[in-house]
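Engineer: Requesting a structural model of the entry that follows:
(chains A and B)
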Amino acid sequence: MVRIDDRIRRIDAIEKASGKAKYLCDISLDGMLYARMVRSTIARGRIVSINVPPLPEGYYFVTADDIPEGCANSLWMIAKDWRCFASGDVRYVGETIGLLVGPSLAVLKALEESVRIEYEEMEAAISIDDAIAVKGGPILEKDDIHCSLTSQKGGDIDQILSGAAQIVEETIETGFQEHVHLETNAAICTIEDGRYTFYISCQCPFYVRKSVAGLLGLRPEDIRVKQTTTGGAFGGKEHFPDVLAGPLLVAEHKIRKPIKLVFDREEDMIYSVKRHPSKIVLKTGLDSEGNILGSDIRVYYNCGAYLSSSYVVLQRGVFHANGVYNFPATRIRGYGMATNTFPSDAFRGFGAPQTLFAIETHLDHIAAKLKVDPVEYKRRYFLRQGDETVTEGHIVEKVVLEEMLNQVAEKSGYFRKAAEYRRGSGRGIGMSFYNHGGAFTGNGEQSIIKAHLRLVKDGDRFTILCGQTEMGQGFRTILRKIVASVLEVDMDDIVYDNPDTDLVPDSGPTAASRSTMIVGRLAEEAAMQMKERMSEEHVEIETEYKHPEGHPWDQDTFKGDAYLGYGWGCACVEVEVDKLTNEVKVVGIWSSHDIGRAIDELIVHGQVNGGIVQSLGYASMEKMENRGGHFRQTSMSDYVVPTSMDFPRQEWGLVDNPYEWGPFGAKGMGELVFNGADAAYIDALERALDVTITRIPMPVEDIEGARA
Amino acid sequence: MVEKCFIPTSLAEALEIRKETKARPLAGGTDLMVQYKQGQGITPVFPWPVMIISSIGELRGIEKGEDGSVLIRALTTPYEIANCQDVPYPVREAASRMGAVALRNSATIGGNIGNASPKGDLPQPLILLDATVVLKSLDGDREVLLDDFILGSKKTDLRDDEIIYAVRIPKVEYTHVFYRKIGTRRANAISKLSLSCLIRVEDGAVTDFRASSGAAGPKVIRSRETEAILKGRRLEDVKSLIPEVLDGWNRAISPHAMPEYRRNTTRRMLEHFLLESVSASSECIIH
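Structural biologist: Numbering: from 1, shown residues only, chains lettered A, B, ... in the order given. Next comes the predicted model:
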């Protein structure tokens, strides 16, 4: 019997650590062919001609022309603008033009290298500034703005700023970030029992079938998607698997044999989605005592050539742009810019990390100007229960930021060290505060997803049926544990396999930190109903999501409670900087998080460790540059992610603040833990070197620029 | 996939094959297998014949000479070099920070030199120490300065019939020594910049001073002209000569990417080394 407070070994730990787990690339089907993408090599231009060498027997070249007449050449993500195959023109480097299919990977590679595509190249817009200037002419109908929105609260911001004693204005920028999931993107398409069937490494099997069905004029339920054991995702397998699945489905329609497409690391690095680079302009008015009167913030995200999910990413960026603070007035205007880069997409944090980094760093700079401790300055503005948000909603839950601050300050010795380490002394300590709205924006859980979960009892075995996927975050263990704890049975009595869209109800995507909070709750409810019927032999219970009372939301105006509840965080980082070389040694990391309650402390610990290290990598070394539409870092030796040698053991803590609508009081946490260590690191670095930093990442060579 | 692959078991056999077929030696494969990879699921393709020399025992091991020199044979791995006390400090340090553990157990010194990457870890401290390369062919031996052997980025003076047999490090006396690699991260990192320096002070005078920079130009940089500024000078005069040394060194290096960082950091490290050496009371490693 397992209790919710037990720390247990993950259900998939042994199979993964021992190499027994089968990933997509380990699967081989009879008569299987391989596929290789032919991609655009330029950022923007018209396709004049495509010359394919004579294909040996058994080889195929599949393009947009193979999509049946009357069917749309589009992948239905959130928007429908991403084309399955480029046709007529190309809009970014790496855009799929065709799919070569055949029995030998080596032959496919040779064929790909001899495909000649003639382009009429056009001037491309690559950066946010390029897009603002509409470089090369509009990418969209009339300009380069994919999407925009404004949120505000308080009085007229222009008037407030014009009456301010002092205005602090600055621009903060963040870069691309690559997911570097251990398993690269991979899929197989085949026909089983007369139906198109996918085996695919992905977060959201129901997204895949919805996205590609239209290519053949099918309904989503005509396609079967089986998620295979997925070796990491971080958002990189939320919508992006559709980009593999679409061309595979068209090829399957033509060839009717199993076809496998596996990206190698270089392809996964340079031809996949990234985190949105951002440019955030902040203008904050202060009174003569240094109090904040109001803040005017403009947020630009580089969305790349297609909108895909970027509008939702931008919304999250805007809704998190004033951080965990309650300013008297705020106006946030967000713009999703179209450029000729590979489309940006979901990545742990989903738009929140960029604006949270900006506001934290901005407040650090204001505090430095006022010569007050940044933590003392920030805590004056902490949001509290009942406070109005920038979407004219309210903070419904109890906010325990003060408690978290105290926990972290005590363990780290923050206040003593902050006073002791002279600015520019080579030593520095920094602290940041952050939050993350759990689950889909507003009433999306109700209006868009309508999650369902089924729990089936057969004798002593209980099977959980839902669409949530395990991708390394521990959900296979979490969901079993919730059900086993309620039913007071062993973990082994619960069955919960990788989802197959033919067998499970749609419980929504494994994204948005919603799985534990929303689907975990459905499982808890199902188990509670089951518990009343334990004497019966066969029982099936289906639970359906219900929007909790008291969270109004208007999706047309973006007004109301943007999220059902927030996770909250506080991180502290201490550094020693070698002034000879700019090398930064992180000597301490402390954090505290409010995630409601932990379903399993071991798994939460893993998420905290991983999220914080990933955020520190984002701030320090993970540099992905794009020149002329081409990503410059193509391998794991030049796109550098942290190793276990780079950062020390972390001290971490949680605060107990049970969430009313979550299972056992739990709320979302997978993204929260990514959202703030970057700002604490930069804060510490700025103090250690007495410099001002306005962008990340900050590898040694860029610190040199800041020192100049 | 290769045109032809040979697996000689003796040096004599390898030299025959080399002369006859010009087959290129492959040892640990940590550079070549990466350079010629074809992607997931496809065998690497080499555009020339290959001979796998890993099983030639004559090419292994480190030997100390009576004159104090150290001979490191071509198949010696970074792990072995890093753990051999006969090897001078900066070379051991460089070997200990190459790539990851697995790479340090399979890469070889012969390969690291033959690959001649400007970011290669071992050539930099070896060139500081005036190490030579011992080359063998059926026509006999040839021994040249490593600094002359490496011609530029990825270019060496290796002849079609030659094999890198060993590296010889002559005995170099010094009182103070410095080695620093700035990698892309703390472990498993490619060098962004590296610097070695040494100085010998005898009876209050500088009798030797050298420096070498890695990843700051197409090949490892030495500047005899700049080194000469301090040679023969009294210790108390060194401080006033530092600006001249720094300027000379700055003219010698030619970093392509991140020039500002590479120039400034090299300058700061060199200055630090000299200031610390001047004020150090006894022989030591400067950190």
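
Engineer: Secondary structure of A:Met37: a strand, I assume?
Structural biologist: Yes - assignment of A:Met37 by DSSP: H, G, I helix; E, B strand; the rest coil places it within a strand.

Engineer: Does A:Met337 touch A:Val299 like I think?
Structural biologist: No - taking contacts as C-beta atoms under 8 Å, A:Met337 lies outside contact range of A:Val299: 10.4 Å. Glycine gets a C-beta too; all of them are placed from N, C-alpha and C.

Engineer: Comparing these two, which residue is more hemmed in?
Structural biologist: Legend: neighbour count by other C-beta atoms under 10 Å in any protein chain shown for A:Met337 and A:Val299, higher for A:Met337 (30 against 26).

Engineer: How about the stretch 451-600 of chain A: which residue is closest to chain B?
Structural biologist: With C-beta to the nearest C-beta as the measure, A:Leu580 is the residue of the stretch 451-600 of chain A nearest to chain B, at 4.7 Å.

Engineer: hang on, that residue in a helix?
Structural biologist: No - with three-state DSSP as the criterion, A:Leu580 is coil rather than part of a helix.

Engineer: which residue sits closest to it, ignoring its sequence neighbours?
Structural biologist: B:Arg268 (4.7 Å; C-beta to C-beta, 6 or more residues apart in numbering or on different chains).

Engineer: tally of neighbours for that neighbour?
Structural biologist: B:Arg268 has 17 nearby residues by other C-beta under 10 Å.

Engineer: so who does it touch?
Structural biologist: By C-beta atoms under 8 Å, 6 or more residues apart in numbering or on different chains, the contact set of B:Arg268 is A:Lys579, A:Leu580, A:Thr581.

Engineer: The last one and B:Lys181, how far apart?
Structural biologist: Which is A:Thr581. Per C-beta to C-beta, to the nearest Å, A:Thr581 is found 10 Å from B:Lys181.

Engineer: what do you get for the second one?
Structural biologist: Between A:Leu580 and B:Lys181 the distance is 13 Å, computed by C-beta to C-beta.

Engineer: re the thing from before, any idea how far B:Ser96 is from the residue of the stretch 451-600 of chain A closest to chain B?
Structural biologist: Distance from A:Leu580 to B:Ser96, counting by C-beta to C-beta: 20 Å.

Engineer: And these two? Which one has more around it.
Structural biologist: In this view A:Leu580 and B:Ser96 are compared by other C-beta under 10 Å, and A:Leu580 has more residues nearby, 19 against 15.

Engineer: Residues of chain A that sit close to chain B?
Structural biologist: Taking C-beta under 8 Å from any C-beta of the partner chain as the contact definition, chain A meets chain B at A:25, A:34, A:105-106, A:109, A:184, A:262-267, A:579-583, A:621, A:637-638, A:640, A:642-643, A:645-646, A:699-701, A:704-705, A:708.

Engineer: What are the contacting residues of stretch B:229-248?
Structural biologist: The contact list for stretch B:229-248 (C-beta under 8 Å, 6+ apart) reads B:199, B:201, B:204-209, B:223, B:225-226, B:267, B:270-271, B:274-275, B:277-278.

Engineer: let's go with 6 Å and repeat that
Structural biologist: B:Val201, B:Gly204, B:Ala205, B:Val206, B:Phe209, B:Thr226, B:Arg267, B:Glu271, B:Leu274, B:Val278 (C-beta atoms under 6 Å, 6 or more residues apart in numbering or on different chains).

Engineer: Past the helix or strand hosting the first one, which element shows up next along the chain?
Structural biologist: Using DSSP states H and E, the secondary-structure element containing B:Val201 is strand B:191-202. Under the assignment DSSP H and E, the closest C-terminal helix or strand after strand B:191-202 is strand B:205-214.

Engineer: Which single residue in the stretch 401-550 of chain A comes nearest to chain B?
Structural biologist: Residue nearest to chain B within the stretch 401-550 of chain A: A:Gly426 (13.0 Å; C-beta to the nearest C-beta).

Engineer: Could you pull up the contacting residues of the residue sitting furthest away from the middle of chain B?
Structural biologist: Within chain B, B:Gly41 marks the point farthest from the mean C-alpha position, 33.9 Å out by C-alpha atoms, centre = their mean. B:Gly41 makes contacts with A:Leu105, as judged by C-beta under 6 Å, 6+ apart.

Engineer: what's the helix or strand for it?
Structural biologist: Following DSSP H and E, there is no helix or strand that holds B:Gly41.

Engineer: so how far is chain A from B:Arg262?
Structural biologist: 8 Å (C-beta to the nearest C-beta, to the nearest Å).

Engineer: Excluding sequence neighbours, find me the nearest residue to residue 152.
Structural biologist: Since you didn't name a chain, this refers to chain A. In this structure, A:Gln152 finds its nearest non-sequential neighbour in A:Arg331, 4.2 Å apart by C-beta to C-beta, 6+ apart.

Engineer: look at chain B instead
Structural biologist: Once flanking residues are discounted, B:Gly152 sits nearest to B:Pro218: 4.7 Å by C-beta to C-beta, 6+ apart.

Engineer: how about the one you found, phi and psi?
Structural biologist: Here the main-chain torsion angles of B:Pro218 (degrees, to the nearest 10) amount to phi -70, psi -20.

Engineer: pLDDT value on it, please?
Structural biologist: pLDDT for B:Pro218: 92.

Engineer: Hmm, it is touching B:Ile150, no?
Structural biologist: No - counting by C-beta atoms under 6 Å, B:Pro218 does not reach B:Ile150; the two are 9.5 Å apart.

Engineer: Counting neighbours, what do you get for A:Gln177?
Structural biologist: Other residues near A:Gln177 come to 28 when the count uses other C-beta under 10 Å.

Engineer: With A:Asn340 instead?
Structural biologist: A count of neighbours around A:Asn340, defined by other C-beta under 10 Å, yields 30.

Engineer: which residue is nearest the centroid of the chain?
Structural biologist: You didn't say which chain, so I picked chain A. In chain A, the residue lying closest to the centroid (C-alpha atoms, centre = their mean) is A:Phe347, at 2.2 Å.

Engineer: meant chain B actually
Structural biologist: Nearest residue to the geometric centre of chain B (C-alpha atoms, centre = their mean): B:Pro123, 1.4 Å.

Engineer: For the residue of the stretch 51-200 of chain B found nearest chain A, give me its contacts.
Structural biologist: Closest residue of the stretch 51-200 of chain B to chain A, C-beta to the nearest C-beta: B:Ala187 (3.9 Å). Shown in contact with B:Ala187 (C-beta under 6 Å, 6+ apart): A:Thr643, A:Met645.
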